[in-house]
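> this one's structure only:
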C-alpha cells in the first residue's frame, strides 16, 4: 500500500481479523456481513470487536478439530499447495493459528476453515497443544514486539502486514496467551496499575490528550525504552520513554503479565 492508501484508511477501517479467527455474524446486507470478533474485547460490544467484512471472506465451517495448532511467529509466512511442488498460494500473518494435520516432504500440513489443506514452513510457526499459547506470558513479549521493527504503521492494523499502536500490543499479547482489549483506551482500563518508577519489561504505557482521552499505547522495553507503532508514515520503533512528545502526554502504565 502507498502512503496515500494508508492515510485513506484512517477513520474508515476498524480492526483486522486473521485467517482462521472465529467471528460471530450478526447481520448480512448484500455482499457484506456485520460480525463481532470474540478474541478482540472492547467496550463497544460485550461479544467482541464489531465491524463489517465481505461475505466472501467467511465460511460457516470451523477448521478441522485436532490436538495441535500451529501459530505463525514470523512476521508473515506463505501457505503453499498441498502437493510436491508446494507452490506459494496465500501469505498469512504473525498470529495466524491453524490446526496441524501432519508433516510431508519437510513441510507442515495445516487445515483451513472450509476444509482446504495447505503446507507451511515449520520454521515460521510454533506447534503447541490446542488451548495453550504459542509462547509463554513472560517479558519475552518485548522481543516479540521488537520483531516488528521497521513495519509500517497501518490504521486499524493488527497483523504482520501493518499495525497500529494497540494492534501491535494486542496481537503480541495474544500470541503469548493473554487476551487484552483491542483499543488503547480500553487497554488502559485493564491489567494492574503500575507506578512509573516500578516498570517492568512488557508493561503497557499510555498517553492521553489534555481532556484525558487515551489515544496511544506503547510497551515498556526496559532501560527507559519503549516499543511503539507511532503514526501513519512511520514504522514500529524503539525509542526513549523520555522523548518529549510522549513524556508530556504520559498517562500511566498497566501490567498484564502475571
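That came through fine. Just so we're clear, the structure is a prediction, and the values are computed from it rather than from any experiment. Numbering: from 1, shown residues only.
> where exactly do the helices run in this protein?
Secondary structure of the chain by DSSP state H: the helices cover 3-9, 141-146, 165-175, 184-187, 244-247.
> hey, which of these is tucked in deepest?
Each of the helices of the chain was scored by mean neighbour count; the highest is helix 165-175, a mean of 25, by mean count of other CB atoms under 10 Å. (C-beta placed from N, C-alpha, C; glycine too.)
> who are the packing partners of that one?
Judged by 3 or more CB pairs under 8 Å, 6 or more residues apart in numbering; DSSP states H and E, the packing partners of helix 165-175 are helix 141-146, strand 158-159, helix 184-187, strand 214-222, strand 225-228.
> can you rerun that using 7 Å?
The elements that helix 165-175 packs onto, with contact taken as 3 or more CB pairs under 7 Å, 6 or more residues apart in numbering; DSSP states H and E, are helix 141-146, strand 158-159, helix 184-187, strand 214-222.
> related to what we said a few turns ago, out of the helices of the chain, which comes closest to residue 94?
The closest of these to residue 94 is helix 165-175. By CB to CB, the value is 6.9 Å.
> list the contacts of the closest one.
Here helix 165-175 makes contact (CB atoms under 7 Å, 6 or more residues apart in numbering) with 39-40, 71, 73, 94-95, 133-135, 141, 144-145, 148, 157-158, 163, 180, 182-184, 187, 204, 216-219, 228-229, 236, 256.
> swap in 6 Å and give it another go.
The contact list for helix 165-175 (CB atoms under 6 Å, 6 or more residues apart in numbering) reads 95, 134-135, 141, 144-145, 157-158, 180, 182-184, 187, 204, 216-217, 219, 229.
> one more: stretch 22-41?
Against stretch 22-41 from outside (CB under 6 Å, 6+ apart): 17, 45, 47-50, 52-53, 55, 58, 179, 181-182.
> want to throw the residues you listed into JSON lines with neighbour count and pLDDT?
Converted to JSON lines, these look like this (neighbours: other CB atoms under 10 Å; pLDDT from 0 to 100):
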{"residue": "17", "neighbour count": "20", "pLDDT": "97"}
{"residue": "45", "neighbour count": "16", "pLDDT": "97"}
{"residue": "47", "neighbour count": "15", "pLDDT": "97"}
{"residue": "48", "neighbour count": "22", "pLDDT": "98"}
{"residue": "49", "neighbour count": "25", "pLDDT": "98"}
{"residue": "50", "neighbour count": "17", "pLDDT": "98"}
{"residue": "52", "neighbour count": "13", "pLDDT": "97"}
{"residue": "53", "neighbour count": "16", "pLDDT": "97"}
{"residue": "55", "neighbour count": "13", "pLDDT": "97"}
{"residue": "58", "neighbour count": "15", "pLDDT": "96"}
{"residue": "179", "neighbour count": "14", "pLDDT": "97"}
{"residue": "181", "neighbour count": "21", "pLDDT": "98"}
{"residue": "182", "neighbour count": "27", "pLDDT": "98"}
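> which members of the residues you listed occur in strands, if any?
Counting by DSSP state E, the part of those found in strands is 49, 50, 52, 53.
> what's the closest of those residues to residue 121?
Comparing the ones in strands among the contacts of stretch 22-41 against residue 121 with CB to CB places residue 53 closest, at 27.5 Å.
> how about the contacts made by that closest one?
Shown in contact with residue 53 (CB under 6 Å, 6+ apart): 33, 35.
> 8 Å - rerun?
Contacts for residue 53 (CB atoms under 8 Å, 6 or more residues apart in numbering) come out as 17, 23, 32, 33, 35.
> run through the bridge partners of it.
residue 33 (DSSP bridges).
> quick check: most distant residue from the centroid of this protein.
The centre of the chain is farthest from one residue, residue 84, which by CA atoms, centre = their mean lies 31.9 Å away.
> check contacts around that residue.
Residues near residue 84 by CB under 8 Å, 6+ apart: residue 105.
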